[in-house]
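J.: Got a sequence here, can you model it:
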Amino acid sequence: MQPVEPAPGLALAVERFAFEGRLLFEGLALELPAGRMTCLLGPSGVGKSTLLRLAAGLLPGAVRTASDGEPLSGRIAWMAQSDLLLPWLTVEDNLILGFRLRGADREVLRAARERARVLLERVGLAERARALPHELSGGMRQRAALARTLVEDRPIVLMDEPFSALDAITRHRLQELAAELLRGRTVLLVTHSPLEALRLGHEVRTLEGLPARLGPPLRPAGNPPRSADPALLALEARLLEELAGAGREPLGVAA
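T.: Have a look, this model is predicted:
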């Protein structure tokens, strides 16, 4: 399902940002290519989630610019680590909750509900549309959260470790589903998993240090979702070395 409008690139500039007395960012700039997925890796506490919130406009302190020059208001969707489904609403009603909270009129709500049903079909939850969240497995809840993010139909999507709590098989399947459903959108996905980043990202960026700095973009060969073949696993090993501080030289563009 393509976004309702062409996805612009997103440029983020942070001159200086401190949190609880720690200078997290200074002179940091990040560019997200239009219609592509960028994956962000780094050690815990380096500021990945904070940078994601700055990109979303949830925190002050960053200059955000869309490549098409249009305002970013109403063009960004957010997917958190936890599914955040309200326990007293059905799956379908959880998907359209944002429209209700914004006071959407009847026609807009009807269109949103139709889109929700299409997406529930795409994520394999059509038969659970009237179920309550406690009746779903963890993988089902994350699929519902992904569908809720896409119901908003925003060209820019920001995701904060959306699959980290899942078992390996469910995580693998949701990675493939996300790659399919997010195609054509500008995506920033924060993850702790180098392999997940390499499978899904058109570009992979690392964040390290204090204040944090971005490593050069790594562009794995082929289109996501990639298979974990020997070449990708070798790249994962190199990336792990870099993240652990053992790499002798930064990674560049992969052939």
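J.: who's in contact with stretch 114-130?
T.: Contact with stretch 114-130 is made by 1, 90-92, 95-96, 135-136, 140, 143-144, 146-148, 150-151, 153, 177, 181, as judged by CB atoms under 8 Å, 6 or more residues apart in numbering. Every C-beta, even on glycine, is put in place using the N, C-alpha and C of the backbone.
J.: again, only this time at 10 Å
T.: For stretch 114-130, the surrounding residues in contact (CB atoms under 10 Å, 6 or more residues apart in numbering) are 1, 90-96, 99, 113, 131, 135-137, 139-153, 173-174, 177-178, 180-181.
J.: all helices in the stretch 151-255 of the chain, in order from the N-terminus.
T.: 168-181, 194-200, 230-243 (DSSP state H, counting those that start in this stretch).
J.: related to what we said a few turns ago, restricted to buried residues, select the contacts of stretch 114-130 in PyMOL.
T.: Burial among those is assessed by 16 or more other CB atoms under 10 Å; the matching PyMOL selection reads:
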select buried, resi 1+90+91+92+93+94+95+96+99+113+136+139+140+141+142+143+144+145+146+147+148+149+150+151+152+153+174+177+178+181
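J.: Take the contacts of stretch 114-130 and keep only those in helices.
T.: Counting by DSSP state H, the contacts of stretch 114-130 place 91-95, 99, 113, 139-151, 173-174, 177-178, 180-181 in helices.
J.: Could you report the distance from A77 to F99?
T.: 13 Å (CB to CB, to the nearest Å).
J.: again with A221
T.: 40 Å.
J.: try A179
T.: 26 Å.
J.: Domains in this protein, by residue range?
T.: Domain segmentation of the chain under automatic domain parsing yields 1-75+155-255, 85-153.
J.: Now do the shortest one, average pLDDT.
T.: This means domain 85-153. The pLDDT scores in domain 85-153 average 94.
J.: starting at the chain centroid, how far to it?
T.: 18 Å (CA atoms, centre = their mean, to the nearest Å).
J.: and V14, that's in a helix?
T.: No: with DSSP: H, G, I helix; E, B strand; the rest coil as the criterion, V14 is strand rather than part of a helix.
J.: and it, how many neighbours?
T.: Other residues lying near V14 total 24 when counted by other CB atoms under 10 Å.
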